[in-house]
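> Fold the following.
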Amino acid sequence: MVRYSSHPKKNQQSRRFWSLALMSAVLLSASRSAALEPQPSTSLMAQRNPSQQVVKTRLPQAVRRQVRRDLANRLNVPRRDLRVTGFSQETWPDSCLGLAAPNERCAMALVEGWRVEVSNGQQSWFYRTDQTAQVIKPETMDNADLPPDVIDRLLQTVAQEADVPASSLRITETQPRIWDGCMGIYVPDQACTRIAISGWQVIVAGDNQSWVYHISEDGSRIVQNATASGSSDDLVPSFIPTDGQPSEPVDQTIVFRSTVSGGLAGNVFEIVLMNDGTLYRQDRRFNDSQSGSPVVEKRLSAQEVQQFQQLLQDQRFPNLDGLRYITDAALADYPTTSLYAMGSTVQYIDLEADNLPPALQAVLQAWGAL
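As a prediction, the model looks like this:
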């Protein structure tokens, strides 16, 4: 109980003192209660004040889409079977993203981009891209990615089939693949079971010859791609860089197409054979959207078209898909020729025409005769 003095002035001072004390106690209690209450999360604070939102690094959808598309084309599987499982922002040392292919020119400039991991649930692959996936490159598997026992088994198989010392052989390039029941080897009129066999396509070089092999992941199946093998001298094949571009669409109206590009003038010359027998030429400047009008060179009979199509099948043209046979001359702006038929593309440099695989030489000879 508070007792007040009978002196008026003292009573007024006492009341003021106790009022201030009571107000201080109330404020202290309120501050303690507020300290015990849960604080709003960062996300809630960001919602209340958008300027305080925390920016999170996200992989652009265009990059995600292009990477999955490229790997799906390489593995010949639906895109829905692949998903991005990781990514990181990177700075690459050149325009080739630090992964220059043989005979590929690269601008020496820092390139901001991404490193992306893609998986099918059993195996993972890594890609490099620029910021918008205009340039995209898989981190090609080297020999270390092939199990040692698979490497030994492969080289012993090549040595035995080619009758050369295993010590003279070297693996120059590999890429992951998903094979069907025929291990990706096309044979006319042969049906292949639709099963998925994980493995690799491997290029092996010897002293004066090279071979292409299709192998399963455990090395239990090793099959030579005889169509793509047999280039001689120093003409070792390599894989055509995709640069993130989708694979060539299958155009049922085109029987064969030859495209010559490169050279100092930068021109592109294209000759196309249609299934109605029309053979036309079209010229354009490289990277120029304006093309010249097609010029019809000649018209072949239905029998001539059928005979040429039969030769493509007999020479098993689809087995050349995705391979190129070029040398350092391409670096000197020497033209490169791309051939397209049966949904498949192969590239070569005509300086080495005599050293190409026999099957490819036979196709070129028949094409020239038309």
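
> Look up how far residue 137 lies from residue 334.
Remark: distance between residue 334 and residue 137 (C-beta to C-beta, to the nearest Å) = 24 Å. Quick note: C-beta positions are derived from backbone N, CA and C, even for glycine.

> got it, and residue 315?
Where residue 137 is concerned, residue 315 sits at a distance of 31 Å (C-beta to C-beta).

> and those two? which has more neighbours close in?
Taking other C-beta atoms under 10 Å, residue 315 and residue 137 do not tie; residue 137 has more neighbours (23 against 20).

> is the more buried one in a bridge, and if so with what?
Going by DSSP bridges, residue 137 is paired in beta bridges with residue 128.

> One more: residue 257?
Beta-bridge partners for residue 257, by DSSP bridges, are residue 272, residue 340.

> Contacts only, for residue 122.
residue 198 (C-beta atoms under 8 Å, 6 or more residues apart in numbering).

> For it, give me the pLDDT.
Per-residue pLDDT puts residue 122 at 73.

> For it, give its distance to residue 184.
Per C-beta to C-beta, residue 122 is found 19 Å from residue 184.

> Run a quick neighbour tally on the nearest residue to residue 124 once chain neighbours are set aside.
In this structure, residue 124 finds its nearest non-sequential neighbour in residue 117, 5.5 Å apart by C-beta to C-beta, 6 or more residues apart in numbering. Residue 117 has 16 neighbours, counted by other C-beta under 10 Å.

> got a pLDDT number for residue 117?
91.

> Quickly list what it is bridged to.
Applying DSSP bridges, one finds that residue 117 bridges with residue 86, residue 126.

> can I assume it is in contact with residue 86?
Yes: look at residue 117 against residue 86 with C-beta atoms under 8 Å: they come within range, at 4.0 Å.

> quick one: common contacting residues for the two?
By C-beta under 8 Å, 6+ apart, no residue touches both residue 117 and residue 86.

> What's the first helix or strand after the lowest-mean-pLDDT helix or strand in the chain?
Least confident helix or strand of the chain, by mean pLDDT, DSSP states H and E, is helix 42-48 with a mean of 35. Using DSSP states H and E, the helix or strand that follows helix 42-48 in sequence is helix 61-75.

> Next, count neighbours for residue 146.
Residue 146 has 20 nearby residues by other C-beta under 10 Å.

> got it, and residue 212?
Neighbours of residue 212 using other C-beta under 10 Å come to 24.

> Domain parsing of this structure, as residue ranges.
61-138, 143-225, 254-369 (automatic domain parsing).

> Return the distance of the second one from the chain's centre.
For domain 143-225, the distance between its averaged C-alpha position and the chain's averaged C-alpha position is 21 Å (C-alpha atoms, centre = their mean, to the nearest Å).

> Can we start the residue count at 44 from this point?
Sounds good: first residue 44 from here, last item domain 186-268.

> Quick check: mean pLDDT of it?
90.

> Stretch 113-129 too?
For stretch 113-129, the per-residue pLDDT averages 84.

> Please list the outside residues in contact with it.
Counting by C-beta under 8 Å, 6+ apart, 102, 107, 110-112, 159-164, 167-168, 170, 179, 181, 218-221, 223, 239, 285, 287, 289-290 sit against stretch 113-129.

> Is it possible to mark the buried ones in the residues you listed?
Buried members of the contacts of stretch 113-129, counted by 16 or more other C-beta atoms under 10 Å: 102, 107, 110-112, 159-161, 163, 168, 170, 179, 181, 218-221, 285, 287, 290.

> ok, how many other residues are close to the closest residue to residue 345 other than its chain neighbours?
The spatial neighbour of residue 345 that comes closest, neighbours along the chain excluded (C-beta to C-beta, 6+ apart), is residue 320 at 6.4 Å. Number of residues near residue 320 (other C-beta under 10 Å) recorded here: 16.

> who are the neighbours in contact with residue 320?
Neighbouring residues of residue 320 by C-beta under 8 Å, 6+ apart: 342, 343, 344, 345, 347, 348.

> What is the nearest of these to residue 195?
residue 348 (47.3 Å; C-beta to C-beta).

> Mind listing what's buried along the helix or strand the closest one falls within?
Using DSSP H and E, residue 348 maps to helix 345-357. For helix 345-357, a neighbour-count test (16+ other C-beta under 10 Å) marks 347, 348, 351, 352, 355 as buried.

> again with stretch 100-110
By neighbour count on 16+ other C-beta under 10 Å, the buried set for stretch 100-110 is 102, 106, 107, 109, 110.

> Apart from its neighbours in sequence, what residue is nearest the third one?
So the one you mean is residue 107. With C-beta to C-beta, 6+ apart as the criterion, residue 107 has its nearest non-adjacent residue at 5.3 Å, and that residue is residue 127.

> Just give me the neighbour total for that neighbour.
16.

> That one belongs to a strand?
Yes: assigned with DSSP: H, G, I helix; E, B strand; the rest coil, residue 127 falls within a strand.

> That one and residue 169, how far apart?
From residue 127 to residue 169 the distance is 11 Å (C-beta to C-beta).
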